[in-house]
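1. Got a predicted model here, sequence first, then my questions.
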Amino acid sequence: MKKLLLSLCCAILLVSFTSCSTDDTQDSNDSSIVGVWTLNAWNIEDGLDMNNDGIASTNLLDEIDCSRNETLFFDKNGVVSLNTTFNPDLNISLLNSETNTYNFEITCDTDGIVSLATEYTIENSMITIGESVAEIEGGQIFLVFEDRIKIYNEDFTQVIETKDLTLVYNK
């Protein structure tokens, strides 16, 4: 998951240095998005029981016991800022495909706050944030990272499955 955050941060940072601001971009921003949005879900299809409580959850935030605080701040001038302390490193291996038994190695990274800023635009219900596209629906922002969760074989030598990760933010 460090790779996820690092990839997102690098993409946002790269775009922020290469993007050009125009009045058209600023005028296209919807005032309903302006403000602070807080991360409240890291969703994956089918769910996992990473904390071994006998309940699989599709929201990995319910399964990972790491300190977290991630916000997106959208200003009225077309700039979005990311501030996060949530950066777990997840390693998942499938031990038995018949019983869906997994091994989870979770390391919580507590090395401070990552902050970045870049431009955003809105068209209909789609928000372009740097090179990423998110959807705003029902007072939530959904940002999908395809094939982001990797599941390895038992000895972590081969990726045998991937899952999409959807970050959900509430205002």
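-> On my side now, so go ahead.

2. Can I take it that Ser32 is in a strand?
-> No - counting by DSSP: H, G, I helix; E, B strand; the rest coil, Ser32 falls outside a strand, being helix.

3. what residues are up against it?
-> When the contact criterion is CB atoms under 8 Å, 6 or more residues apart in numbering, Ser32 has no partners at all. C-beta coordinates here come from the backbone N, C-alpha and C atoms, glycine included.

4. What segments of this protein are helices?
-> Secondary structure of the chain (DSSP state H): helices at 2-18, 23-27.

5. On the pLDDT front, check the residue located most distally from the centre of the chain for me.
-> Computed with CA atoms, centre = their mean, the residue of the chain farthest from its C-alpha average is Glu98, at 29.8 Å. At Glu98 the predicted local distance difference test score is 91.

6. Could you do Asp111 as well?
-> Reported pLDDT at Asp111 in the predicted model: 70.

7. any idea how far the residue farthest from the centre of the chain lies from Gly54?
-> With distances taken as CB to CB, to the nearest Å, Glu98 is found 18 Å from Gly54.

8. Ok, Val159 next?
-> 27 Å.

9. neighbour count winner among these two?
-> Using other CB atoms under 10 Å, the more surrounded residue of Val159 and Gly54 is Val159, with 11 against 6.

10. Wait, that one touches Lys150, no?
-> Yes - with the criterion set as CB atoms under 8 Å, Val159 and Lys150 qualify as a contacting pair; they are 4.9 Å apart.

11. burial of Ile129, as a residue count?
-> Residues contacting Ile129 under the criterion other CB under 10 Å number 21.

12. which residue sits closest to it, ignoring its sequence neighbours?
-> Sequence neighbours aside, Tyr120 is the residue nearest to Ile129 in space, at 4.9 Å (criterion: CB to CB, 6 or more residues apart in numbering).

13. what sits up against stretch 43-50?
-> Contacts made with stretch 43-50 from outside it, assessed by CB under 8 Å, 6+ apart, are listed as 55-60, 63-64, 92, 102, 104, 106, 149, 163-168.

14. Extract the CA atoms of that stretch and return them as PDB.
-> Extracted C-alpha coordinates of stretch 43-50, given in PDB (Å, rounded to 0.1, in the frame of the first residue of the first chain):
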ATOM      1  CA  ASN A  43     -13.200  -0.900  -0.500                       C
ATOM      2  CA  ILE A  44     -12.400  -4.100  -2.300                       C
ATOM      3  CA  GLU A  45     -14.800  -6.600  -3.900                       C
ATOM      4  CA  ASP A  46     -15.700  -9.700  -1.800                       C
ATOM      5  CA  GLY A  47     -13.900  -8.500   1.300                       C
ATOM      6  CA  LEU A  48     -11.200 -10.000   3.500                       C
ATOM      7  CA  ASP A  49     -10.900 -10.900   7.200                       C
ATOM      8  CA  MET A  50      -7.500  -9.300   7.800                       C
END
